[in-house]
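Chemist: mind looking at a prediction? Sequence and model below.
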Amino acid sequence: MTKIILTISFLIMNNLVVFDFKTGSDISGWNTVNDVVMGGISSSQFDVNAEGHGEFTGTVSLENNGGFCSLRYTFGRTDMSNYSKFIIRVKGDGKKYQFRVRSNYRDYYAYISYFQTNGEWQTVEIPFDSLYPSFRGRELKMDNYPGKVAEEIGFLIGNKKAENFSLLLDKIELK
């Protein structure tokens, strides 16, 4: 029995928590960036709800060549070399979202991967090697995410249709 407990503890300790949402969490490092930077009129908000989950909500509009809402979390340069994937606990609205990571928050491109939500709490695993480089919706001819360092992660919705959305975030880890 002791051997099993030690094994489980070891596995838990090997995960690095990037952000764990709770009531009163400091979300000052999280910012929304919408298509208004390009003339669009989409809007979004981000806050911690009464249950202690990050709540990213809004409306995507296609007017004025718009079509996306995003949420970004910039943090100190983090060594990722001992990990191979992101583990994200989310509850979405049945829509498709992008998970995004930048090695340097100043990079013009991000490494992205899509995930589909199902209306229930789910754990999404995103292997580093599945994150491909993209800029303004176009895949770049570069290698996939090398997984060495990161300074920014984020989420984006841009499904080429006008829609309301709601994505709850519980925890983001590295494994």
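Modeler: Happy to help now that I have it. Here the structure is a predicted model, which means the values were calculated and not measured.
Chemist: where does the nearest residue to Phe86 once chain neighbours are set aside land on pLDDT?
Modeler: Excluding its sequence neighbours, the residue lying closest to Phe86 (CB to CB, 6 or more residues apart in numbering) is Ile126, at 4.5 Å. Every C-beta, even on glycine, is put in place using the N, C-alpha and C of the backbone. We have a pLDDT of 98 for Ile126.
Chemist: burial count for Ile126?
Modeler: Residues contacting Ile126 under the criterion other CB atoms under 10 Å number 19.
Chemist: after the worst-scoring helix or strand of the chain on mean pLDDT comes which helix or strand?
Modeler: Within the chain, no helix or strand scores below helix 2-14, which has a mean of 45 by mean pLDDT, DSSP states H and E. Next helix or strand after helix 2-14 toward the C-terminus (DSSP states H and E): strand 16-20.
Chemist: ok, now how distant is Ile27 from Gly66?
Modeler: Ile27 sits 25 Å away from Gly66, going by CB to CB, to the nearest Å.
Chemist: between those two, which one's more packed in?
Modeler: For Ile27 and Gly66, the more surrounded residue by other CB under 10 Å is Gly66, and the numbers stand at 21 against 16.
Chemist: backbone dihedrals for the more buried one, both of them.
Modeler: phi -90, psi -170 (degrees, to the nearest 10).
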